[in-house]
Structures are given as C-alpha cells and as structure tokens.
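**Q** Kindly generate the corresponding structure for this input.
(2 chains)
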Amino acid sequence: MDIATAFAIGALLLAGAVLMWLNSRRSRHQTELDAPPTPERVPSSEDSQPLVDHSSVSGPMALQPTHAPENNSPSEAQIFVEPVDQTFASNQEPAPRTFHEPALVAQTLDDRPTQDGLILAPTEAVAAASALAAPEVAAALAVPVSHQDAYDGTLDPPLQAEAASVSDSSSVIEAPVTSTGDEGHSNPSNENGKGWATGITDHLPEERASLASDDKTSELPLQVEVPSREESSRSAHAKGRAEVTREPADYRAPRRVPPRNRPTRQVSEGSFDRQHPFEIRVNAQLDRYGFCAFRLLAQRPADCPSELQVQQREDNVTFVESGEGWYEIDAGTALAAWLSGVLFRQADGEKQHRWQLSNRAVHVLAAQQGFAGPTSTTRITLQRRHIVLCRSAWVDPVVQVLAESQSDPFSVFSEDMGAPTGWKFLWPVSPTHPVEPVLGDDILNLLRPQADVELTLEHGIRIHDSVWLAGYPPDIRLSGVLNGAEAVHIDAQLAVQDAEGFFATAGHARPGTHIVSCAGQTRTYSIDEPDAEWERWDAYSFPRGTICGASFLSPLKAEQRLITVPATSRVLVGTEPGQVFFCQLTRGTDWTGLVPFDPVWALPSDPLHCDRGKARVVLLNASLVQGGRQPLSGRCSIELHRQWTQAITDCCRKRLQMSPSDERTLSLWRDYAALARSSWKRRQ
Amino acid sequence: MGANELLLWLSANRAGSWSRFRSAVDELASTQGGVVVGSEGLPIYHQLRFQLQQLGHVEFNIAGCEQGWRVAPPIVALACQNDRCIGILAGARSTSLLRRLVESVSQVQLERHVEIEQPEVIRLIGESEGVLEALAARAGLRVQSQAAVFMLACLPRIDDLWAWRGRQGPLPFGKHTTVSRFEIAGRGARWVDSSVDEAERTRDGLFRFTRFQRRQHYLRLRGRSIRVQGQIGNYVLAAKHQRQVLRYDRLSRQLIVRDLYRPPLLVDRALTLCSGFLASHDSTARTLSYRDVPERLAQMAAGILCQDRL
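**A** The predicted model follows:
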C-alpha cells in the first residue's frame, strides 16, 4: 500500500466518521425537538387569560413561539424550537445549532448568508473533510445545508413569509462566532469576545433561551469561521460602501446586569461604519374610536434639512420633518415589514447618516415628552398606559405575561383597528404591580414591570426641551414602588401628592429651574415666561397697504382717510389743485375706501354725459369748507392738476345740482370753480 | 392641551415650520381623546389652521413665514357700530398679557366666549373707541381702528388677478395628478372629474389639480392658464356667469354666502372681525353666515368679490 492509497483510505474513514457523527447528532436533535417545551418558560395557550380575541388569530398557530405542534414535521419544528438551552443547562455536550435556519435564510433573504458570513458549509470539520475527501463524500456531508429544500412547499406562503421574518434574526444565531470583535454593546453575552452573534436571539422564547448558553458557543465542536459583524463590516467597507450592513441589527432587550468597565474605543471622525446609527421610534396615534395609526419616526441630525431622501436597500424613502428633532418616515405599505427592523442610509457628500430600527417582535409604546401619542419606550412601567405592539404569533405569550402584572382588562386589536399586517396591538396596558423578571426571557421581561422608581413630567405646555410655559407647569408623576423612607422632593422641599397622584410643592410652578428628586432619580425642568414681544411684518402687501393679522399699515407717508361716498360720485377732489382721486367702480350704492387726502367734493366720474337729474356735486367735509382753501402749492404734477381742474370745470359746464343745496355750499363751489378756471388758463 | 393652549404655545414659540405646527396639533389631539377630524370634516390640524388664520392670530405660509407659520402681534381690532364699540383681541397671547388685560378692565365689558376647536373669543365692549383705546394702552396693547374696514379698503377686486398673486404658467401634469373642473350649472355649482387634456382644451374655466393631497387651482382665461387661489377662481367664475352668491340680511345684519363660495382669506378675516366670531355653517342650507356685518362692509366685500348686488 503506497502512501497515496493510505492517505485516500484515511480521508474516507475520516469523512465516514464525520458523517456518522452528524447523523447521530441529527437523530438526537430530532428527539429533543419532539419533546414538550419547558413548562416554566413556555406558557401554553390554555393558561392564557381570556383577554384576547382569538377569532382574529388564525392560521399560523404552528408558528407561535409558545409551543411546538405535537405532530409537526421535523422541518416545521426546527423553525420554532431549539433545545440547546436544555443541553447547555445540563452541561451536556452542546448540540450543534441547526444548520437549517441559515438554509432557510438563504431561501428567504437573498443576500444575508454572504453578507453575514454564513457559509453554506456547515462546519469547519465538514469543510476540512470536503477538502480532503472525494466530491461525493463532500456532497453527502453537505446534506444539512440542503435542508432548505425541506421548507419548500411545506409552509403556506403566508407562513413562509412569517418564517422569513422570524428567521431574519434566527439566521445569525446559528453562527458560532470565534472572532474577538467587540462592538461595545452592553450585552454581557458578547463580552467574552464572541462577537455579535451571541446576543441577538430575541425573536422566539426558545431562541431567547440560547442566550443563557452564549458562553458555550466557543465550545461548539462544529464551528464556522464567521467574521464578527465588525470584521464583516470592515471588509465590506473595503470593498465599497454599498455593501455595508444592509440589514438592521437585532434588538437586544435591556438586561438587569451590573455595568462593567470597558476600554473606551476611539471613533474616528466621519467614519461611516463606526458612527452609531440614529434612532427610529414607533409612534401611535389613537383616535376617539379606538383606531390606531402607527408610523415610524426617525431622529433628525442637527445638520439635516426638513425633508430628506434616504435609501433602504435600493429604494428611496422620504423623511419629512415631524416635530422637534424628528422625521416622519414615509413608510407606506412597507410599515409592517420595517417594524421588524430596518436600516436607512443617507449620504450627502462627506456627511453620511444611518438610521436603524433593530430587529424585534415586540414594541412597547407609552406617552413621552416631546411626542404626540404613545411612542417607543424601553419597557413597561408601573401605573402608566402603554400600547404593546407585537407580531401576531406573539400575542399569546405577551397576553399571558401582561396578565401577570395588571388587574385591569385590555384588548387585542388587529388590522381592522389599525395594526400593521402581521402585527397586533394591545391597549390599554396599565400594569399595577411589579413582576419579577425571568432569567433569560429578555424580550418578555420588557413586559414585566419593575418596582423601580421613575419620575415623569406630563401635561402642561412644553415650549421646547425641558422648558415649560409659565402658568402651565408639568404634572410630576412617580411610577414604581417607594420604600417607606423615600419621598419626592422638589427643590429640596418635600412634595405632596394630590388626589390625581401628581406631586407638587408651593413653588414648583414658579419661573426658574426646578429639580425633582426621589430615590436616587432626578428630573430637571424649567418654567419660563417668554418675552411678550412679537414683531409686525408685511404678511400681505397690496398697493394700498399691508396686512398682518388684524392690523393694517399704509405704505404712504401721509395718513389715509377712510371715506364713504355715493357710488355715482366717484371722483374726489381736495382743497389743493392736483388733489384728485378716482374711486374704483363698485356695484353697490356707496363706495368706501382709503383716500390719501381730505376730500372736499365728490363729483360724477363723467359729468358731461351723466343724468343731470340724478348726478350731484356732493360736499363731503364741512370743516374744510369753514377753514377755507389752502394756497396752491404747485407741487402736484401737471396731469393731476389738469384732472383736478377738468373735473370741476366739467361739472360747472353741466350745471349739476349741489348736495346740500344751501347758499354756503353754492358759494364755496363758485370759489372752486373760479380757481379751477384761472388755474386752467394759467396752464394753457 | 386645547386650542387656547395651542395659541399660547404658538405665541411662545413665535414662528415655526408646518410640521412643528402639525406635531403640536397632534399632541393636542392625543390629549383630547385622539380627535383627528374636526367638526367640519377636515383634518383637525387644517381646521385649526384655518380658524387661527381667519381670526387673525397666526399667518401661515405667506411672506415672512414661507412653508411655516408666524404669530401676528397682539392687537385690539375695533369695530364700532351704532352706539357701541367692540374690540376683539387678535394675534399672539400670553398668560401675562391676558392677566394685564383682565386687570385693566374698567368701564368696559369683557366677554370671553368659549368656542369649539378654536381659541376663546375675547371681546371688549365699550361706549366709544376712546374708552377701548385707553384700556388697550393700560394693558400694553396696540389698537387697530376700524380693522375690518381698513382691511377691505386695501384689497383689490378679485378680477385683478395679478394683485392677488395670480401667476401665469403651464398646467401641471403627472401620473398621480387628478383633475377636477368647477362646473356652474343651473342654480348650483360643483366640482366634476376632468382631465389635463380637457383643461388644456378649455378656453374659460376653473380646474383643480390634486397631487399627493396638495391642491392647485388654475383659471383658464381666454386660453391662458393662471394659477390662483381656489376661492378667487370661484368668484371670478361666478362673476363671469353673473351668479349672485352673496346675500345680506339687513334685519339681522348678517352676510350670507353659499358654503362653496367661502370668500378669500382676507375678506373672510375682515368679515369675521366685525363680530369676532367665525362664520356659522348651516349644513342644511349649505350657507355660511357672518354676524354683525354693517351694510357698508357688506357692500365693500361684495365689491371686492365682483358681486353685482346684495
């Protein structure tokens, strides 16, 4: 036997051993899948309170994360149940996390495997064996990868869609990471240098269980060389920015662990990859009929305009300013999909921005300062009203957890009341007593209110930031449970709680800055009375004046007079030659308008052709008559002078009647007529 | 937060963008049980906007506040009728200003009327202009004598399209553009579906182009397209067809107009400032009624709107 033959036999034996080992793993895995779920962490639907309208929950019951179906096929069960927590909890040899979910991802998400470094070869051992053994053996070893075929046709299209959304997160669970990348996240599961893959299993209760076993991932015998997200991002960045982190990161629920000191990382200016993405929040607007409209709000960077075009994959999306420091995202029909996580990018020359809503199945919304309507918050708080928006498949466990903390009923609403497709919302959720968190149940722990004290400022008129208008101070509310010795202080004065539960002191509404403190928590707010100075501006400009609000301002230096004259006498003349004004044609019996001088007479517009029986020369201002004529100033233009004299002389020629027709009026009119004639002759 | 608080908030911030206004109204709506549709069927933010404009409190999307809003300075708009004089508080408000006004009241009757979906109407009623001017001086407020008359007196007739900022230009078109034509038929008028082609073929008519909920009105005059305010176009067309849409009731001193023909904003504001109250809408008769309008003012308004007679 030569060396080559021995080497070939050895390779075949090695491949066969690996194949046998894999088969044994699969059979054991399948046995575990068929086992019932852990009772204390997987609530059954029978235990849930009758708060849900189950009629609206139909179809994908098999997809519900609470329990695996009894007679499900292996392919279906592999989606939902992952028994690794049991194996890890008992310190048994850790099972290889299923290969099937990357396969499913490959089926549903076009670019995910390559992007996240999820290679189709399942393990290093398989890859090594594949390199050594014959191609047939390598193909046989790759059997688990091809399990995506098992999903084809086994799920109804809507279920596949649901599975796709679910697998969006589960796709990354299966990559046991060996990198030492550290993104600086607070999740302790990745503090041992295992990177991002260990802390993002938020979607299903079973997946959440794997969080407890994150420390074991490095011990997996079948490991895939998967770069950490940082490394992946860095390499992608080197190839071009178009490939950078197309998918949003998965949501990691806050966990109650003591903070650890970490070395601070230097973030270079303008680095696209290192910048923390801006926040995206879910906002809801409830109307009086209970209909709820959901929308996404994106944080507005300081240097961005009021309207912005950003990119989500290959599509353009519009951000429109909405409130102080936020954009409203024009989501359209994509809202339901984007609620599961979305990443937007915008590049404007040197400035580049990203917005991210992390991948999650449950959103908790509550009234917040600066937002209209309930908006995303980190967790449920005691004695506050919330909307809980969750995927349809999550309704049962969410209802069960919420029922533990409150006695008041709430309802589950579906699409007909505004919930996005594939989602349901629960309203009003007002927990009344705290519930202890369950270890490892991070997502549902968000719905278990803690006894922690929290100070909130509500109502009043908030001018901006933490400044309230004088006379309309905020109401100070405390949620949580106080110990007997703790009390609320405002500006170091003991605050008193009123009947509605708000805290106040004698001076908490006075102008100035106030500090509220209780049990180590502090909130600061200011009461301000803005200067009562508003400037007038020319909002509407017309030739005869400008208007702003209810005020009018004439553009002329001379004051304008408001005059009403008969509509038949529309030519107004003043004391000085050249003071002539032609009123606009009007439909009524009178004309009212502004005249830039004090008119003495109102004359017909065409005296030579008017009806002498009806037309009159009207004396308007008796005081001017008594005061006498002013001397000719000579400042008027030739044309105005001609018009003034012609209007008077034409009326004289026509011998129109006076109004009033007393002797004094006739005498005055004769004076004006004489002045007009002499003036006319001088001009001639 | 109600409409009063909204006006205080606007006054405290002085000016802002349209989206800030919308978010403030949304906040208002969310604290009032989620009222999103006003009593007139409009979105609540549009309804509040119109009412704040009509009362002369806030200006929207005009010179000095393009694409946004700006609060007008506070002023007492006087309207003297017969043996009494009414002062209406318009423009910005603040708690200190209101406090000063209340404290300064003497020989004057102060009325505060709470209205739906609008700030309360504050009216000062005295025997003469002098009394109200003295009160305003004590409260640190300016006075606009005969506000409605001056406002109407400076307005051009609506057939002077250039003075009303009519602009000639091509008709809009596009995939998402819907077109309506204002049809005056019989005794009524209505908007009917139309098309860009029809608008281009029409020699005289009024067309409404709606794209993404934004409306633009184009008047076709002798084959030319002129972009105008919708209300201006309505009245130009009504005048062209010699339609009488205004009526004045001398007994009740009410100016009544068909609701499809709400006057342009500044005429509307002037008529509102006669009493301080917005026009009341009769949904059965489909009319708007302005209260306490002197006949002289009604005639001025009719003249501006090219209406032959009242």
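
**Q** from the stretch 201-310 of chain B, which residue is nearest to chain A?
**A** Of all residues in the stretch 201-310 of chain B, B:Gln299 sits closest to chain A, at 3.5 Å by C-beta to the nearest C-beta. Bear in mind the C-beta positions are built from the backbone N, C-alpha and C, glycine included.

**Q** Domains in the chain, by residue range?
**A** Assuming you mean chain A. Dividing chain A into domains by automatic domain parsing, as the record does, gives the ranges A:3-35+A:82-243, A:278-445, A:454-528, A:561-683.

**Q** The chain in question should be chain B.
**A** The record's domain parsing of chain B by automatic domain parsing lists B:3-71, B:75-145, B:167-228, B:246-304.

**Q** hmm, back to that, surely the residue of the stretch 201-310 of chain B closest to chain A touches B:Gln307?
**A** No - with contact taken as C-beta atoms under 8 Å, B:Gln299 and B:Gln307 are classed as non-touching, separated by 9.5 Å.

**Q** so what does the strand or helix carrying A:Lys424 touch, helix or strand wise?
**A** Secondary structure from DSSP states H and E places A:Lys424 in strand A:423-429. If contacts are counted by 3 or more C-beta pairs under 8 Å, 6 or more residues apart in numbering or on different chains; DSSP states H and E, strand A:423-429 sits against strand A:292-299, strand A:386-391, helix A:395-405, strand A:411-413.

**Q** Check which residues of the first one are buried.
**A** By neighbour count with 16 or more other C-beta atoms under 10 Å in any protein chain shown, strand A:292-299 contains the buried residues A:Cys292, A:Phe294, A:Arg295, A:Leu296, A:Leu297, A:Ala298.

**Q** What of stretch A:540-551?
**A** Burial within stretch A:540-551, assessed by neighbour count using 16+ other C-beta under 10 Å, is assigned to A:Tyr540, A:Ser541, A:Phe542, A:Arg544, A:Gly545, A:Thr546, A:Ile547, A:Cys548, A:Gly549, A:Ala550, A:Ser551.

**Q** In chain A, which residue sits nearest chain B?
**A** Nearest residue of chain A to chain B: A:Gly549, at 2.6 Å (C-beta to the nearest C-beta).

**Q** and of the buried residues of strand A:292-299, the nearest to B:Tyr235?
**A** Distances from those to B:Tyr235 were compared by C-beta to C-beta; the smallest belongs to A:Arg295, at 38.5 Å.

**Q** ok, the closest one - contacts?
**A** The contact partners of A:Arg295, taken as C-beta atoms under 8 Å, 6 or more residues apart in numbering or on different chains, are A:Val282, A:Asn283, A:Ala284, A:Gln285, A:Glu328, A:Ile329, A:Ala331, A:Leu335.

**Q** Repeat the analysis, applying 6 Å as the threshold.
**A** Under the criterion of C-beta atoms under 6 Å, 6 or more residues apart in numbering or on different chains, the contact list for A:Arg295 reads A:Asn283, A:Glu328.

**Q** Show the pLDDT at it.
**A** The per-residue pLDDT reported for A:Arg295 equals 91.

**Q** Identify the bridge partners of it.
**A** A:Asn283 (DSSP bridges).

**Q** Report the separation between it and A:Gly373.
**A** 9 Å (C-beta to C-beta, to the nearest Å).

**Q** picking up where we left off before, pretty sure the residue of chain A closest to chain B sits against B:Ala72.
**A** Yes - counting by C-beta atoms under 6 Å, B:Ala72 is a contact partner of A:Gly549 at 2.6 Å.

**Q** Overlap in contacts, A:Arg295 and A:Gly373.
**A** Shared between the contact lists of A:Arg295 and A:Gly373 (criterion: C-beta under 6 Å, 6+ apart) are residues A:Asn283.

**Q** Residues in contact with the host helix or strand of B:Ala24: which ones?
**A** B:Ala24 belongs to helix B:18-31 when elements are defined using DSSP H and E. For helix B:18-31, contacts defined as C-beta under 6 Å, 6+ apart pick out A:321-323, A:372-373, B:1, B:6, B:9, B:35-36, B:44-45, B:48, B:68-69.

**Q** Looking at the helices and strands packed on strand A:423-429, which one is packed in the most?
**A** Ranked by average neighbour count under the criterion mean count of other C-beta atoms under 10 Å in any protein chain shown, these are headed by strand A:386-391 at a mean of 26.

**Q** do that strand and chain B meet at all?
**A** No - Strand A:386-391 is not in contact with chain B by C-beta under 6 Å from any C-beta of the partner chain; minimum separation 11.7 Å.

**Q** hmm, back to that, from the buried residues of stretch A:540-551, which shows the smallest pLDDT?
**A** Looking at those, model confidence by pLDDT dips furthest at A:Arg544: 82.

**Q** Quick one: residues contacting it.
**A** With contact set as C-beta under 6 Å, 6+ apart, A:Arg544 has these partners: A:Leu594, B:Cys154.

**Q** could you pull out the helices for the stretch 251-400 of chain A?
**A** Ranges of helices in the stretch 251-400 of chain A, per DSSP state H, counting those that start in this stretch, are A:335-338, A:395-405.

**Q** Can you classify the residue of the stretch 201-310 of chain B closest to chain A by secondary structure?
**A** Secondary structure, DSSP: H, G, I helix; E, B strand; the rest coil: B:Gln299 is helix.

**Q** Which pLDDT value goes with it?
**A** Turning to B:Gln299, the model gives it a pLDDT of 86.

**Q** Tell me how many other residues surround it.
**A** Number of residues near B:Gln299 (other C-beta atoms under 10 Å in any protein chain shown) recorded here: 27.

**Q** Enumerate the residues of the stretch 151-300 of chain B near chain A.
**A** B:Met151, B:Ala153, B:Cys154, B:Leu273, B:Arg296, B:Gln299, B:Met300.

**Q** quick one: which of the domains of chain B is nearest A:Ala11?
**A** Distances from A:Ala11 to each of the domains of chain B were compared using C-beta to C-beta; the minimum, 63.5 Å, belongs to domain B:167-228.

**Q** The closest one: end-to-end distance?
**A** Using C-alpha to C-alpha, to the nearest Å, the span of domain B:167-228 from its first residue to its last is 7 Å.
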